[in-house]
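# coords below, sequence missing:
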């Protein structure tokens, strides 16, 4: 049994390295999301139905979960690409650049676009100069999308198999299944905690953009979209906050320097508060302190880049659960 346990840990470590090295994290996270959500929903199925009916019901649950996740992503993408999303963002960027032209040196101001047509022309020239790189990015996006779809399918199949496992499976198979359950539990806890953090950030941002600023007669462009952006990118630890904070600050600066300074002060407070929230929420869920999670994020980011940064909380929570399971801590 000791050999099987050792082999399962070596295989688990190799799997983590391969996933991060070959950029398969989106597929793995998509699969884990389907797996966890299916297990949660399947617990509400009646237990007194026959085996065939249960398999059919599980299949329906899997299809509903995959359809729900896909529809949610499509809805977000559709909203971002609508006239209230990218088009409005481009218009706001042009307005901001137009305001900056008055304060920047003439040599710099002449380079900035003054209309959306100018901005579009610069983008066309940029695309034409880098068409080969853009083509590679497009192919990479298609490959990532295919990986995510396959990950969802694999996660659904694993969830269905979870309810049809046999007790007489070989020892190594049983131990590997236990590793998978611990990983799914760690993923569930970290993602649930991150959703709460992202929701709290979005709520505070909504209060600032939709309540506080209007009280002073200031109406920030695309405030609702900025709140949605804060929630969406907030699912990425640290990186998400930087993205949303930068966008909010730039658009605020376009309204007036004072609004830009006020937004910057607000965002600094929120950014500092996030460390406390991470320590309280994520730390409580995975039984880890903030410095432990930040150290894991720093290490994996240094080795694997952004993929390591995103995966770090889940990997560390999984590692700590395994160590605790062995009674080492």
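Arrived safely. On a predicted model such as this, the values are computed, not experimentally measured, just so you know. Numbering: from 1, shown residues only.
# Run through the stretch 101-250 of the chain and note the low-pLDDT ranges.
The stretch 101-250 of the chain contains residues with pLDDT under 70 at 101-141, 164-168, 236-239.
# Please enumerate the helices of it.
Taking DSSP state H, counting those that start in this stretch, the helices of the stretch 101-250 of the chain run over residues 106-109, 116-129, 131-162, 171-207, 213-215, 223-233, 239-255.
# Tell me which of those sits nearest to residue 315.
Residue 315 lies closest to helix 171-207 among those, at 8.1 Å (C-beta to C-beta). All C-beta spots, glycine's among them, are computed from the backbone N, C-alpha and C.
# Which other helices and strands does that closest one contact?
helix 2-21, helix 25-42, helix 223-233, helix 239-255, helix 257-277, helix 283-286, helix 306-325 (3 or more C-beta pairs under 8 Å, 6 or more residues apart in numbering; DSSP states H and E).
# when you compare where the third one runs with where helix 239-255 runs, what's the angle?
Read that as helix 223-233. With axes from the mean of the first three to the mean of the last three C-alpha atoms, to 10 degrees as the basis, helix 223-233 and helix 239-255 are set at 160 degrees to each other.
# packing partners for helix 223-233?
helix 51-81, helix 171-207, helix 239-255.
# Any chance of TSV for the ones you listed, columns distance to residue 321 and mean neighbour count?
Formatted as TSV, the helices and strands packed on helix 223-233 follow (distance: least, C-beta to C-beta, whole Å; neighbours: other C-beta atoms under 10 Å):
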stretch	distance to residue 321	mean neighbour count
helix 51-81	24	14
helix 171-207	5	18
helix 239-255	24	19
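# wait, isn't residue 247 in contact with residue 228?
No. Contact criterion C-beta atoms under 8 Å: residue 247 and residue 228 do not qualify, at 11.5 Å.
# separation between the nearest residue to residue 244 once chain neighbours are set aside and residue 266?
Distance criterion C-beta to C-beta, 6 or more residues apart in numbering; nearest residue to residue 244, sequence neighbours excluded, is residue 230 at 4.4 Å. Residue 230 sits 12 Å away from residue 266, going by C-beta to C-beta, to the nearest Å.
# So those two - more neighbours on which side?
Comparing residue 230 with residue 266 by other C-beta atoms under 10 Å, the one with more neighbours is residue 230, at 26 against 21.
# residues touching the more buried one, list them.
198, 201, 202, 205, 244, 248 (C-beta atoms under 8 Å, 6 or more residues apart in numbering).
# What separation do you get for the fifth one and residue 263?
For residue 244, the distance to residue 263 (C-beta to C-beta) stands at 11 Å.
# what is in contact with those two at once?
Joint contacts of residue 244 and residue 263 (C-beta under 8 Å, 6+ apart) do not exist.
# Check residue 29 and give its pLDDT.
The model reports residue 29 with a pLDDT of 91.
# What of the one 5 residues further on?
As summarised for this prediction, residue 34 has a pLDDT of 92.
# so what's it closest to, chain neighbours aside?
Nearest one to residue 34, counting by C-beta to C-beta, 6+ apart, is residue 155 at 3.5 Å.
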